[in-house]
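**Q** Provide a 3D model corresponding to the input given below.
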Amino acid sequence: MSWARIGDLGFTGLDDDTDNPVVITGYKAARTEPLTSAKKQVNKLIVSVRAVCEHAFVHLKNWRIITKLRLSPRYATALL
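**A** Numbering: from 1, shown residues only. Okay, the predicted model is just below:
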């Protein structure tokens, strides 16, 4: 079983394989073709999932836990 990651629109080329995507990204609007309401809802869902992860990483950075994990990853559970 392969796990897909959720990424921003910078990773658009990695989601070409619909059966086994590497990264799940949103939809980009073209100049001549705006997004449909269904595609906008998909983008909102992806953004909401990514926001939770981004906030978690910000908290870990603020607590300086990630710098300690770089030094000794075996103590990750004790630090968290």
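**Q** Helix or strand: which one has Val47?
**A** helix 37-62 (DSSP states H and E).
**Q** Name the residues of that helix that are buried.
**A** Neighbour counts using 16 or more other CB atoms under 10 Å place 42-43, 46 of helix 37-62 among the buried residues. No exception for glycine: its C-beta is placed from N, CA and C like everyone else's.
**Q** Going by distance to Gly13, which of those wins?
**A** Distance ranking of the buried residues of helix 37-62 against Gly13, using CB to CB, places Ile46 first at 16.2 Å.
**Q** that older thread, remind me what the helix holding Val47 packs against, helices and strands.
**A** strand 5-6 (3 or more CB pairs under 8 Å, 6 or more residues apart in numbering; DSSP states H and E).
**Q** just checking, what packs against the strand it packs on?
**A** Using 3+ CB pairs under 8 Å, 6+ apart: strand 5-6 touches strand 23-24, helix 37-62.
**Q** for those, which one sits closest to Gly10?
**A** So among those, strand 23-24 is nearest, using CB to CB, at 9.6 Å.
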